[in-house]
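Engineer: Provided below are the primary sequence and the corresponding predicted coordinates.
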Amino acid sequence: MRDTQVPLRQRSVGDAHRALALAVAAGVYLLLATPLVANPGVWPGFVLPGALYARTVTLFTVALWVALALGDRRYRPPRAPIPAAAGLFVLINLLAAATGLSPERSLWSTQLRMGGVVGLAHWTALVVVLASVFRTYAQWRWLFGANLGVSLLVVVIGLGQGLGLEQVGAIYRLGSADRLMATVGNPGYLAAYLLVSLLLALALLAASRPRLEQQGRAFTAWQAFLLGTVAFSGWALIQTATRGAVVGAIAGLAAWALAYALWGDRPRLRLVAAGSLGVAVLVGGLWFAVRDTPAVHALASRVYLVERLRRASLEDPTAVTRVEMVRAGLAAFRERPVLGWGPENAEPVFEKYVSARFFAVSPEWGDRLHNRVVEELVDRGILGLLAYLGLWGLLLRAVIARARGARHRDRSAQGSGTLYMGIGAALVAYFVQNLFLFDTNEGMLQLALLVGFLASSEGKTEDRVSGHRPVMPKGVHAAVCVLLVTIAAIGTYRLHYPPYRQAVLMGAALRTGWMSDRLRIAEQAFAAFPPMANMARVALFKTVMGSWPQMSPGQRQAAIAVLERQMPQVLKGEPMNVPMRAVAAVVYQLASVTDAAYMDKAARSVREVSVRMRPHRPLSKQLAETQRKLEEWYSRHTTPPVP
């Protein structure tokens, strides 16, 4: 009797563990839909909704995985250096945030970026889950295939945008544009996402050939799907007209060719790979010789990417801004070299160190330095850069080890050497394109998948062979599961719902036509989630500035009252905040035009901006000139310029 009861109990526990494992896998698959999540009805309509969706799904997935790992040793993290290095990087981010200019901003980022330490922690947790749960090539192939399927859907929606088919992208309210942005709201973000999809599809396609040859088959639906993904992703990548992504793609393909030339298993293809590197160099040199020819001009008139590549030079406005941002970042690093200024604090660095040459070609306000390596130096100092490069070094080591055929953990992966070369190419492409951009949520999703795959491949065999013997009684394990899911639900309600409610309220505030309602709803939005309210405050007062001539005296007084209630909260969370100080100065100057009582506040606000903003900034010059004219007027008159 006892002999039959024990196997039944173990079988019941095993079924429960399998159900949990399926639930964790389902959560990971749901995460793949992140690039499709947007809501134009909130503010901002892109970036923030997808990021909050990803964080919520990740939180529940991690909770289920922790329950699974507590009950079944087979699903615990592998003993591998990559997850440990990723965890160390998060810890350094926390330390840099604690010692930086604005811990609040370092933790939470802004609505337009949705990065910060909180975002990084979610993506790192996802890597650990992937490395622990997805353990065979078949599982990874299904996951990669689903990810490519989502990217294909994103491209189809983008195709509708590019062709002007309103029905295709109606839910996202996509209009026509010179550069494709599809569901993510930014051409550069889309390019970073599709760049990895393109190379991942190529890697899976190359890895599928040996198996087909063994089976005597020429072509399959899987290969047709991969070819379609390559074709459509390549087309969409061209339509984004993102030069950094093109450089990344070239670097990734060159790295793949070099790896195959060194470690490929087919001698003839190794020669072809080596020869392709030489051809690529020749084509690159030829491009500079022919880019001003009539044929290239004709092509550039039809393909915007060609036009952007044709005019690329160190004097190109975009190149000038990138170079000046790098110079500003290096100057900032010298001031705080160990732990930097804190994650997400590039904006005050930009204001303090950027040169006049930047503003000669661009009036834009910078909150990113558009170079991931320099951002590491600025945000996290030398410790952060060492941790960051160390993690990438471990990824490169893992790729090279597998590409050379060493320590293949999963023997079922036919063509695995080629697959790892393709994965390495995707990583190289992502790293290189980030020398011109920064991490985005769509890009981080792709990166997490690649890092999780390599971390899983590095897990030692003995980590995976524990049996189904329960670690804890079934009832206790069930209680733990309920507790963890409850914690995830509470975490979502406290950490993820408030920023979304803030976005909903700000969307309503910015759409309403009555200024009194706009101010009232906006204050509700600020209170919904104070750590991320500053960018919303700037957005509100920019609309106030634009609407000032049409506002009644009562509405102007109400706007100033809101401004004076909000400024202390702004400076409490971000003492070095410049944008809010600047809009406050403009509002006080506007008020001074009709009421001299605001002159002192305007002058004080302008001084506060001037000590934090470079004097060659166009806005700084404009504020100083306006203040000079107002003071000159009031020195000669007793009445305001406008009664």
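Structural biologist: Yep, it's here.

Engineer: Every contact and neighbour count from this point should use C-alpha atoms.
Structural biologist: Will do.

Engineer: gap between the helix or strand hosting Ala360 and the chain center?
Structural biologist: Using DSSP states H and E, Ala360 sits within helix 356-361. Once both centres are worked out by CA atoms, centre = their mean, to the nearest Å, helix 356-361 turns out to sit 27 Å from its chain's centre.

Engineer: Okay, now the unreliable bits of the stretch 101-250 of the chain?
Structural biologist: Within the stretch 101-250 of the chain, the stretches with pLDDT under 70 are 162, 164-171, 173-177, 210-218.

Engineer: can you rerun that using 80?
Structural biologist: 160-178, 209-219 (pLDDT under 80).

Engineer: Which secondary structure element of the chain has the lowest mean pLDDT?
Structural biologist: Confidence across the helices and strands of the chain bottoms out at helix 2-31, with a mean of 74, counting by mean pLDDT, DSSP states H and E.

Engineer: how about the helix holding Ala360 as CSV, C-alpha atoms only?
Structural biologist: Once non-C-alpha atoms are left out, helix 356-361 reads as follows in CSV (Å, rounded to 0.1, in the frame of the first residue of the first chain):
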residue,chain,number,x,y,z
ALA,A,356,28.1,75.9,-28.5
ARG,A,357,28.8,73.7,-31.6
PHE,A,358,26.0,71.4,-30.6
PHE,A,359,23.4,74.2,-30.6
ALA,A,360,24.7,75.6,-33.8
VAL,A,361,23.1,72.6,-35.5
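
Engineer: per-residue confidence for the closest residue to Met613 other than its chain neighbours?
Structural biologist: Spatial nearest neighbour of Met613, chain neighbours left out: Glu351 (5.1 Å); criterion: CA to CA, 6 or more residues apart in numbering. Looking at Glu351, its pLDDT is 84.

Engineer: and Glu351, how many neighbours does it have?
Structural biologist: Counted with other CA atoms under 10 Å, the neighbours of Glu351 add up to 24.

Engineer: who does whatever helix or strand it lives in touch, helix- and strand-wise?
Structural biologist: Taking DSSP H and E as the definition, Glu351 sits inside helix 346-353. The elements that helix 346-353 packs onto, with contact taken as 3 or more CA pairs under 8 Å, 6 or more residues apart in numbering; DSSP states H and E, are helix 317-335, helix 372-403.

Engineer: Can you give me the buried ones in it?
Structural biologist: Ala346, Glu347, Pro348, Val349, Phe350, Glu351, Lys352, Tyr353 (16 or more other CA atoms under 10 Å).

Engineer: I would like the residues contacting that helix, please.
Structural biologist: Applying CA atoms under 8 Å, 6 or more residues apart in numbering, the contact partners of helix 346-353 are 325, 328-329, 331-332, 366-369, 375, 378-379, 576-578, 612-614.

Engineer: 7 Å instead, please
Structural biologist: 328, 331-332, 366-369, 576-578, 612-614 (CA atoms under 7 Å, 6 or more residues apart in numbering).

Engineer: Most neighbours among these, which one is it?
Structural biologist: Leu369 leads the contacts of helix 346-353 on contacts (other CA under 10 Å) with 27 neighbours.

Engineer: just checking, that residue touches Met325?
Structural biologist: Yes. Counting by CA atoms under 7 Å, Met325 is a contact partner of Leu369 at 5.3 Å.

Engineer: Quick check: the residue most central in space within the chain vs Asn434, distance?
Structural biologist: Centre of the chain computed as the mean C-alpha position; nearest residue by CA atoms, centre = their mean is Thr440, 1.0 Å away. From Thr440 across to Asn434, the span is 10 Å (CA to CA, to the nearest Å).

Engineer: So what does Ala80 have for phi and psi?
Structural biologist: The phi and psi values for Ala80, taken as degrees, to the nearest 10, are phi -140, psi 150.

Engineer: Please look at it and Glu458 and confirm they touch.
Structural biologist: Yes. Ala80 is in contact with Glu458 according to CA under 7 Å; the separation is 5.8 Å.

Engineer: Compare neighbour counts for the two and give me the winner.
Structural biologist: Glu458 (22 against 16).

Engineer: Any stretches of the stretch 301-450 of the chain with poor pLDDT?
Structural biologist: Across the stretch 301-450 of the chain, the ranges flagged by pLDDT under 80 are 363-366, 405-416.

Engineer: 90 instead, please
Structural biologist: The stretch 301-450 of the chain contains residues with pLDDT under 90 at 312-318, 346-352, 354-368, 402-418.

Engineer: just the stretch 501-643 of the chain next, same as before
Structural biologist: 512-514, 575-576, 578, 608-621, 635-643.

Engineer: just the strands in the stretch 451-600 of the chain please.
Structural biologist: With strands called from DSSP state E, counting those that start in this stretch, the stretch 451-600 of the chain shows none.

Engineer: what about the helices in it?
Structural biologist: 474-491, 497-511, 515-528, 534-547, 553-573, 579-592, 599-610 (DSSP state H, counting those that start in this stretch).

Engineer: Save those helices as a markdown table, and put in mean neighbour count and distance to Phe46 too.
Structural biologist: Below are these laid out as a markdown table (neighbours: other CA atoms under 10 Å; distance: least, CA to CA, whole Å):
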| stretch | mean neighbour count | distance to Phe46 |
| --- | --- | --- |
| helix 474-491 | 16 | 23 |
| helix 497-511 | 22 | 11 |
| helix 515-528 | 20 | 18 |
| helix 534-547 | 18 | 15 |
| helix 553-573 | 16 | 24 |
| helix 579-592 | 22 | 22 |
| helix 599-610 | 19 | 30 |
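
Engineer: For Ala182, give its distance to Leu194.
Structural biologist: Taken as CA to CA, the span from Ala182 to Leu194 is 11 Å.

Engineer: let me fix that: Tyr137
Structural biologist: Counting by CA to CA, the gap from Tyr137 to Leu194 is 22 Å.

Engineer: neighbour count winner among those two?
Structural biologist: Leu194 (30 against 18).

Engineer: Spatially nearest residue to Val118, not counting backbone neighbours?
Structural biologist: Once flanking residues are discounted, Val118 sits nearest to Leu107: 5.5 Å by CA to CA, 6+ apart.
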